[in-house]
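# Provide a 3D model corresponding to the input given below.
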Amino acid sequence: MIPRTRDGETNGEDVMIADFKQQTAVITGAGSGIGRATALAFAREGAEIVVSDINPERAERVAREIVDLGGRAIGVRCDVSQSSELQALREAALDAFGRITILMNNAGIVISGPFLEVDMQNWRRSVEINLFAVIEATQLMLPDILKAGTGHIINVASVAALYPYNVDRMSYNAARAAVVSFSESLAMDLWTKGIGVTLLCPGPTRTNMIENMHFIGEPALTAPDLPLTEPEVLGEKMVAALRSGTFFVPGNEEVHEIFARRGANPDAFLREAAEKIAAKRGA
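Next comes the predicted model:
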């Protein structure tokens, strides 16, 4: 049990998940990739899992995988851009398991195209799914996590939210950068309440994200200069992060050094990135 101060808050030191067997995790975009890998990793530790995905067949398939491992899980279709479906997801979790203690906001889409060709309708859709859905799901389910007295929120952003390396996915980059700021603020707000927050910023990962990419104009795929990571590695990193109460988890350890260079001289870093983009355009 988390130690409480006289005003009912914690001393801010205990935001770690010691026993996954006491946890129920709701994971969006869990039908494949990082969401699936994390769902399986948490299930192996004993957590109950609500597998949410816009594709109901994939959600059910992952839920069956967990059950076949001896775990407890349900699959729920959810389009995170729809408030009614987020509410139904919460209700399904509470109906099945009676609690929510972990929320992983993982679902996302990428709209790729030249800035002047991506209209405001596409910008709004990108921000709706990649930012507002994260905020809304958190507002909906945080009261349940607080009621449980312990828990964790994981927000998935991107290495593209930390430093510039492409210009073809501006709406995604901007929305995920806002997720970074939201997660930092949320972590500070929840620190004394005993609720942990983890920000996962994946780099290149072997997923089917290409299926959730919408191209406008000439397709462009600019990847960061980082090695490819398997989603299972990130799933295990999430287990470790929740056990230790870690806030920032990059998909690639090299990100720490790159982000430090950006912070040391933002102008030089941006010029270097712009030169790389210009060279690629001229190739």
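# worst-scoring helix or strand of this protein, pLDDT-wise?
strand 213-215 (a mean of 80; mean pLDDT, DSSP states H and E).
# Tell me the buried residues in whichever helix or strand comes after it?
The C-terminal neighbour of strand 213-215 among helices and strands, as given by DSSP states H and E, is helix 231-244. Buried residues in helix 231-244, defined by neighbour count with 16 or more other CB atoms under 10 Å: 231, 233, 234, 235, 237, 238, 239, 241, 242. All C-beta spots, glycine's among them, are computed from the backbone N, C-alpha and C.
# Out of those residues, flag the one nearest to residue 148.
Nearest to residue 148 out of those is residue 242 (CB to CB; 14.2 Å).
# Look up the pLDDT of the closest one for me, please.
The confidence metric pLDDT takes the value 97 at residue 242.
# ok, it to residue 279 distance?
41 Å (CB to CB, to the nearest Å).
# repeat for residue 107
34 Å.
# ok, now residue 80?
Taking CB to CB, one finds residue 80 at 37 Å from residue 279.
# and the two? which has more neighbours close in?
Higher neighbour count among residue 80 and residue 279: residue 80, with 26 against 9, using other CB atoms under 10 Å.
# The residue lying closest to that one once chain neighbours are set aside: what's it in contact with?
Counting by CB to CB, 6 or more residues apart in numbering, residue 133 is the residue found nearest to residue 80 once chain neighbours are left out, at 3.8 Å. Contacts for residue 133 (CB atoms under 8 Å, 6 or more residues apart in numbering) come out as 28, 80, 81, 86, 105, 107.
# Just put these in TSV and tack on pLDDT and distance to residue 152.
Below are these laid out as TSV (pLDDT from 0 to 100; distance: CB to CB, whole Å):
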residue	pLDDT	distance to residue 152
28	98	15
80	98	19
81	97	24
86	98	19
105	98	12
107	96	18
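# ok, so of the residues you listed, who is nearest residue 124?
residue 81 (10.1 Å).
# Just the pLDDT at residue 168, thanks.
Listed pLDDT for residue 168 reads 89.
# Just the element for it, please.
Judged by DSSP H and E, residue 168 forms part of no helix or strand.
# and what of the one 10 residues further on?
Of the helices and strands defined by DSSP H and E, residue 178 is found in helix 170-190.
# Show me which residues of that helix are buried.
Quick answer for helix 170-190 (16+ other CB under 10 Å): 170-180, 182-183, 186-187, 190.
# Report the two of the residues you listed separated the most.
Taking CB to CB, no two of the buried residues of helix 170-190 sit farther apart than 170 and 190, at 30.1 Å.
# What helices and strands are in contact with the helix holding residue 178?
Contacts defined by 3 or more CB pairs under 8 Å, 6 or more residues apart in numbering; DSSP states H and E place helix 170-190 against strand 110-112, helix 120-127, helix 133-148, strand 151-156, strand 195-201.
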